[in-house]
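Engineer: Just a sequence and a predicted model for now, questions to come.
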Amino acid sequence: MAVDNDGIAVVTLQRPPVNSLNLDLLQAMNNTFDDVAKNKSKGMILTSASPTVFSAGLDIMEMYKPDPKRVETFWVTLQDMWLKLFGASFPTAAAINGHAPAGGCLIATSCEYRVMLSGKFTIGLNETALGIVAPTWFQDSLRHTIPTRQAEIALTTGKMFTVDEALKVGLIDETAADKAEAIEKCKKFIKRFDKIPSLARGMTKQIFRQEVLKKLLTNRQADTKQFLDLVNQPKVQQSLELYLAMLKQKSQK
Ligand SMILES: CC/C=C\C/C=C\C/C=C\C/C=C/C(=O)SCCNC(=O)CCNC(=O)[C@H](O)C(C)(C)COP(=O)(O)OP(=O)(O)OC[C@H]1O[C@@H](n2cnc3c(N)ncnc32)[C@H](O)[C@@H]1OP(=O)(O)O
């Protein structure tokens, strides 16, 4: 992860090849978010070092034949990451310079503003298409971004939106021709708060988001248990094995 700081922290996800979210990356993100808060940055922009993938979502290897202690830590660290990002009092934006499926879409929708590169990229919560259920807080992040009806249809169909579709439904706010332009547009969004007192801004955001945050905070243990029960089901392990094989086969073509 690289952080450039000119008052606005640009945090670059840098875990080749596809920025899949494993325990180490999630821990690094949490430390970085804490630093951004401590350094009193004006705001934070999340982007990717990959030219084609913002993030491929959760690292499936963390869930396939998992070590019991590690997979639990993995999930709790993912919950922490979401609580810190969705609940950040400082302004957040995502410069989405590539595909953003599942957990990649979760990161983007946890931010306050999204600029995505024009091109053949897709973004969405595709969980149902994989035969799994997007956790409540994944669903809430989408519902917080696009109208409820479109969110329900997108979630139940596991829809991956093209850039044009994402713009039309409000899943992204703007498009950009390249990464530099996407970052500039995100900076412009964050600079809109230059004349707004930061305490009032931060508290307003937290009040606006508190219902959704509280849902996970009061249900963390049940949410973790639900995930662990699901991930340890033989049928889910079988699906993960097939999915990994499919991804591998595709990457070797
Ligand atoms: C499936 C989970 C089932 C049950 C778990 C139970 C509960 C789940 C709870 C929470 C919800 C889950 C949220 C998630 O985020 S699950 C992850 C969903 N992600 C995806 O479906 C994306 C999969 N990847 C892709 O579609 C493409 O890789 C992508 C479009 C992002 C990029 O394509 P590109 O052509 O650029 O790269 P590839 O050649 O496909 O991949 C390169 C390399 O990376 C490996 N890879 C890709 N994605 C993942 C991943 N998410 N985790 C681990 N590894 C991944 C891929 O296999 C290739 O590896 P290799 O062959 O070794 O080079």
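Structural biologist: Happy to help now that I have it.
Engineer: quick one: the strands in this structure?
Structural biologist: Using DSSP state E, the strands found in the chain span residues 2-5, 8-13, 43-48, 92-96, 100-101, 113-117, 122-124, 161-162, 174-176.
Engineer: Next, format these as TSV and append distance to Gln27 and mean pLDDT.
Structural biologist: Backbone N, C-alpha and C define where each C-beta goes, glycine included. Converted to TSV, the strands of the chain look like this (distance: least, CB to CB, whole Å; pLDDT from 0 to 100):
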stretch	distance to Gln27	mean pLDDT
strand 2-5	15	60
strand 8-13	13	96
strand 43-48	16	98
strand 92-96	19	98
strand 100-101	21	98
strand 113-117	24	98
strand 122-124	25	98
strand 161-162	30	98
strand 174-176	30	98
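Engineer: Would you mind saying which of these lies nearest the ligand?
Structural biologist: strand 100-101 (4.2 Å; CB to the nearest ligand atom).
Engineer: ok, the closest one: who's next to it in the sheet?
Structural biologist: According to DSSP bridges, strand 100-101 forms sheet pairs with strand 122-124 (parallel).
Engineer: picking up where we left off before, of all the strands of the chain, which one is nearest Asn219?
Structural biologist: Closest to Asn219 of the strands of the chain, according to CB to CB: strand 92-96, at 23.5 Å.
Engineer: Okay, and the beta partners of the closest residue to Leu167 other than its chain neighbours?
Structural biologist: With CB to CB, 6 or more residues apart in numbering as the criterion, Leu167 has its nearest non-adjacent residue at 6.0 Å, and that residue is Thr175. Going by DSSP bridges, Thr175 is paired in beta bridges with Met116.
Engineer: which ones are touching Ile123?
Structural biologist: Taking CB atoms under 8 Å, 6 or more residues apart in numbering, we find Ile123 in contact with 54, 96, 99-101, 104-105, 108, 116, 160-161, 163, 166, 171-172.
Engineer: To clarify, my last question referred to Ala182.
Structural biologist: By CB under 8 Å, 6+ apart, the residues touching Ala182 are Thr47, Ala95, Ile96, Asn97, Val115, Met116, Leu117, Ala176.
Engineer: go with 7 Å
Structural biologist: With contacts defined as CB atoms under 7 Å, 6 or more residues apart in numbering, the neighbours of Ala182 are Ala95, Asn97, Val115, Leu117, Ala176.
Engineer: hang on, the earlier thing: nearest to Ile190, of the strands of the chain?
Structural biologist: If you check each of the strands of the chain against Ile190 by CB to CB, strand 43-48 wins as the nearest, at 3.6 Å.
Engineer: Is the ligand within reach of the closest one?
Structural biologist: No - Strand 43-48 stays out of contact with the ligand when judged by CB under 6 Å from any ligand atom, the minimum separation being 10.7 Å.
Engineer: can you list contacts of that strand?
Structural biologist: Residues external to strand 43-48 that are found in contact with it (CB under 7 Å, 6+ apart): 8-13, 19, 36, 54-55, 90-95, 97-98, 107, 111, 179, 183, 186-187, 190.
Engineer: let's go with 6 Å and repeat that
Structural biologist: 8-13, 19, 36, 54, 90-95, 97-98, 183, 186, 190 (CB atoms under 6 Å, 6 or more residues apart in numbering).
Engineer: cool, stretch 232-241 as well?
Structural biologist: Taking CB under 6 Å, 6+ apart as the criterion, the residues outside stretch 232-241 that touch it are Ile60, Tyr64, Gly131, Leu230.
Engineer: Same question for stretch 106-115.
Structural biologist: Where contact means CB under 6 Å, 6+ apart, the residues beyond stretch 106-115 that reach it are 55, 85-86, 91-96, 100, 138, 141-142, 145, 172-174, 176, 182, 185-186, 189.
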